[in-house]
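1. Just need the structure, nothing else, for what follows:
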Amino acid sequence: MFRGLVNNLSTVALSIILALFVWFVAIQETNPIVEQPYREPVPVLMLNQPPGTVLTNVPDDSIKVIIRGPLQTLAALQVDDFSAVVDLSTVPLGGAKVGVAVSVSNHLVSVVEQDIDTISIRLEEYRSVQLPITPTLIGEPALGHVAGALLIEPSVVSFQGPASRVDLVSEARIQLSIEGARERVQERVIVRLWDADGRVVTGVDPDPPEILATVPITKSEQYAELFVTVNLTGTIAAGYRMTDYSVEPQRVTLFGPPGIVADLPGFVSTVPVDVSDAKGDIVQRVGLLVPRGTTLIDTQNVLVEIDIEPVVTTLTVPWQPRILGPDPGLGVAISPERVSVSLVGPLALMESFDPESDLSLTLNLFGMGVGSYQLALAALSNQLGVEVVGVLPPTVLVEISLLPTPTPTPTPTITPTLIITGTLIPAVPSETGTPIYLPSATPTPTPAP
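-> Numbers count the residues shown, from 1 in each chain. The predicted model follows:
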């Protein structure tokens, strides 16, 4: 009996082993164990950096790995399932090579290879220093103006970074331009850090990066800056007008005793510029009427430009188009017979414009057959400077028709009629003894009625 039980247990155990083997083979067929590169780079994390240090190099920030595990499990992995860590806690100042520890959260998957095993790390002491700011003015204010003291806020800047870069800094500077300024200059300017050789130091961060700089600008009592006005004389030619004028420079500086300068008006005039009968632009360099006791600085004359152009006006002329054609045997009628032609041009030309000689408006009907046509009108000005801007109405109705056949006129018949003219001639005496005179007859043809 015991022997039979042992035999049965052996059979059961063998059956279980065979079943497990079959199950394992089936699993291998549907979800085999594979080894393959992961599809994405894994980010590298820097941990446990010693306090008071700064990382001064740029190490690799990701690595590539080859993993092993069930195919379906590998396909479902996300990049967040991986961890690539560099422990900086034991890295000395200066630097060292540190291993990269890669792990995966799924216990069915293992990392069998990584493309980077160690990373070079450079650590330096992180240092912060304060320096007073050295301000520098660039340029000069406008002539006759004086720059006051440069004010900055704040006057001290701190900067921090790796000790090797911080130790290079010897000066903190700002620069403010006052070139040509006539009033207070106030700007936010960038703080730059310089080394002893006059080069800008990079890799350190000034705090604050910008400061407010202010320079008051005041007028000198011996200088006056005045606007220039143009003194025009004469009358422009009839039919023309001045559209604009300019003067360069627009302002000039005068020098003189403070008492005289204080009483100067806000402008200085040019010598007279004559525009009499002008019909075009005027460009002249002219002098200035300088007040007694003062002197011009830098410039002695100015450039005056005066723009003069014709006065433009409009004119509307009622006009009958000139018809060319039609072909023989055809008659024509247009509607309307007269149109309005609008013109624009200088007043002087418009006053002498003669439509008889200066306006062309024709309709060419040669080659056109019988019918009705809506034809566009095109007018042309023969006067240079005068332009046609429109015709109203822009089209006319043209009717072309056959002319009627003329009826023949009958030829008049001539019938001779005796008209007695001339002198009397003696005839035979009458019974009473008195002679009878008969006129001589000359036949004259007279048209019959």
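2. in the stretch 301-449 of the chain, which ranges drop under the pLDDT threshold?
-> Applying pLDDT under 70 to the stretch 301-449 of the chain flags the ranges 406-449.
3. What segments of it are strands?
-> Ranges of strands in the stretch 301-449 of the chain, per DSSP state E, counting those that start in this stretch, are 301-310, 312-319, 322-324, 330-335, 339-346, 359-364, 371-376, 379-381, 387-392, 395-402, 414-429, 435-447.
4. same for the fourth one, what does it pack against?
-> Under the contact criterion of 3 or more Cβ pairs under 8 Å, 6 or more residues apart in numbering; DSSP states H and E, the helices and strands touching strand 330-335 comprise strand 395-402. For every residue, glycine as well, the C-beta is placed using N, CA and C.
5. What strands flank the strand it packs on, and is each parallel or antiparallel?
-> strand 330-335 (antiparallel), strand 371-376 (antiparallel) (DSSP bridges).
6. that's a strand at residue 206, yeah?
-> Yes. With DSSP: H, G, I helix; E, B strand; the rest coil as the criterion, residue 206 is part of a strand.
7. Contact partners for it?
-> Contacts for residue 206 were tallied using Cβ atoms under 8 Å, 6 or more residues apart in numbering; they are 157, 158, 159, 172, 191, 192, 193.
8. give the contact list for residue 360.
-> Contacts of residue 360 by Cβ under 8 Å, 6+ apart are 322, 379, 380, 381, 382.
9. Now list the buried members of those.
-> 379, 381 (16 or more other Cβ atoms under 10 Å).
10. According to the record, where do the domains of this structure fall?
-> 1-29, 33-121, 126-219, 223-307, 313-402, 414-447 (automatic domain parsing).
11. circling back to that earlier point, and the contacts of residue 360, which is closest to residue 66?
-> When the contacts of residue 360 are compared for distance to residue 66 (Cβ to Cβ), residue 380 wins out at 88.0 Å.
12. So which other helices or strands are in contact with the helix or strand harbouring residue 152?
-> Here residue 152 is covered by strand 151-153, with elements defined by DSSP states H and E. Packing partners of strand 151-153 (3+ Cβ pairs under 8 Å, 6+ apart): strand 210-215.
13. what packs against the strand it packs on?
-> Judged by 3+ Cβ pairs under 8 Å, 6+ apart, strand 210-215 is in contact with strand 123-138, strand 151-153, strand 171-177, strand 185-190.
14. Deepest in the core, which of those is it.
-> strand 171-177 (a mean of 17; mean count of other Cβ atoms under 10 Å).
15. Of the strands paired with strand 395-402, which is nearest residue 76?
-> strand 371-376 (78.8 Å).
16. pLDDT score assigned to residue 130?
-> Note on residue 130: pLDDT of 93.
17. Could you pull up the contacting residues of it?
-> Neighbours of residue 130 in contact, by Cβ under 8 Å, 6+ apart: 156, 157, 158, 159.
18. Save the residues you listed as TSV, and put in distance to residue 295 and neighbour count too.
-> Conversion of these to TSV gives the following (distance: Cβ to Cβ, whole Å; neighbours: other Cβ atoms under 10 Å):
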residue	distance to residue 295	neighbour count
156	46	11
157	46	23
158	52	14
159	51	21
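19. can you tell me which of the residues you listed are in strands?
-> Residues of these located in strands (DSSP state E): 156, 157, 158, 159.
20. tell me the two of those residues that are most distant?
-> Distance extremes for the ones in strands among the contacts of residue 130: the farthest pair is 156 and 159 at 10.7 Å, using Cβ to Cβ.
21. tell me, what's touching these two both at once?
-> Here residue 156 and residue 159 have 130, 131 as joint contacts, going by Cβ under 8 Å, 6+ apart.
22. Closest to residue 391 out of the contacts of residue 206?
-> Proximity of these to residue 391 (Cβ to Cβ) peaks at residue 192, which lies at 71.5 Å.
23. what pairs with the closest one across the strands?
-> residue 173.
24. Show the contacting residues for it.
-> 172, 173, 174, 200, 206.
25. and if we set it to 10 Å?
-> Applying Cβ atoms under 10 Å, 6 or more residues apart in numbering to residue 192 gives the contacts 157, 171, 172, 173, 174, 175, 200, 201, 206, 209.
26. Please apply the same query to residue 403.
-> Residue 403 neighbours (Cβ under 10 Å, 6+ apart): 328, 329, 330, 331.
27. Stretch 379-394: which residues count as buried?
-> By 16+ other Cβ under 10 Å, the buried positions in stretch 379-394 come out as 379, 381, 383, 386, 388, 391.
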